[in-house]
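>>> the amino acid sequence is not available; the structure is as follows:
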């Protein structure tokens, strides 16, 4: 089931407004029932979308961030793509089960600890989250 497929302007305020709408939709439609899971999705979306604005599009408001959210049975898929040059593998180092940016290092580590699996493909990140018993 497609939940959201949207282009977002490259600024933090647009990200904030988009995330508020997504969280409101997920909560009102009872797509996710546990507040803990809604919190995790909120934090993850903000982190990934803000990174796309800052690191991918470099705050260039002529570039867009694309976000697609799908739910298939009990697996959430979040696809976020920017119009930047993409990630370079050497920018990451291994931290626990995930990879983290050398300079700041909290985003991907936090996302991993929250149970999201992710994969980079240049300027796109695909995240999966198993609802399982979370609903």
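Cool, got the structure. If you're wondering where the values come from, they're calculated on a predicted model, not measured in any experiment.
>>> helix, strand or coil for residue 17?
helix (DSSP: H, G, I helix; E, B strand; the rest coil).
>>> okay, now it: neighbour count?
Number of residues near residue 17 (other CB atoms under 10 Å) recorded here: 13. Heads up, the C-betas are built off the backbone N, CA and C, glycines and all.
>>> measure it to residue 46 for me?
12 Å (CB to CB, to the nearest Å).
>>> repeat that for residue 4.
In terms of CB to CB, residue 4 sits 15 Å off from residue 46.
>>> tell me what the nearest residue to residue 124 once chain neighbours are set aside is bridged to.
Among residues not flanking residue 124 along the chain, residue 81 sits closest, at 4.1 Å (CB to CB, 6 or more residues apart in numbering). On the basis of DSSP bridges, residue 81 takes part in beta bridges with residue 66, residue 124.
>>> could I get the contacting residues of residue 81?
Counting by CB atoms under 8 Å, 6 or more residues apart in numbering, residue 81 touches 52, 65-66, 123-125.
>>> equivalent analysis for residue 16, please.
residue 46.
>>> residue ranges of the helices in the protein, please?
Assignment of helices within the chain using DSSP state H yields the ranges 12-28, 35-51, 107-113.
>>> can you list those in a markdown table and add mean pLDDT and distance to residue 75?
Formatted as a markdown table, these follow (pLDDT from 0 to 100; distance: least, CB to CB, whole Å):
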| stretch | mean pLDDT | distance to residue 75 |
| --- | --- | --- |
| helix 12-28 | 97 | 15 |
| helix 35-51 | 95 | 13 |
| helix 107-113 | 87 | 16 |
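>>> understood, closing this out.
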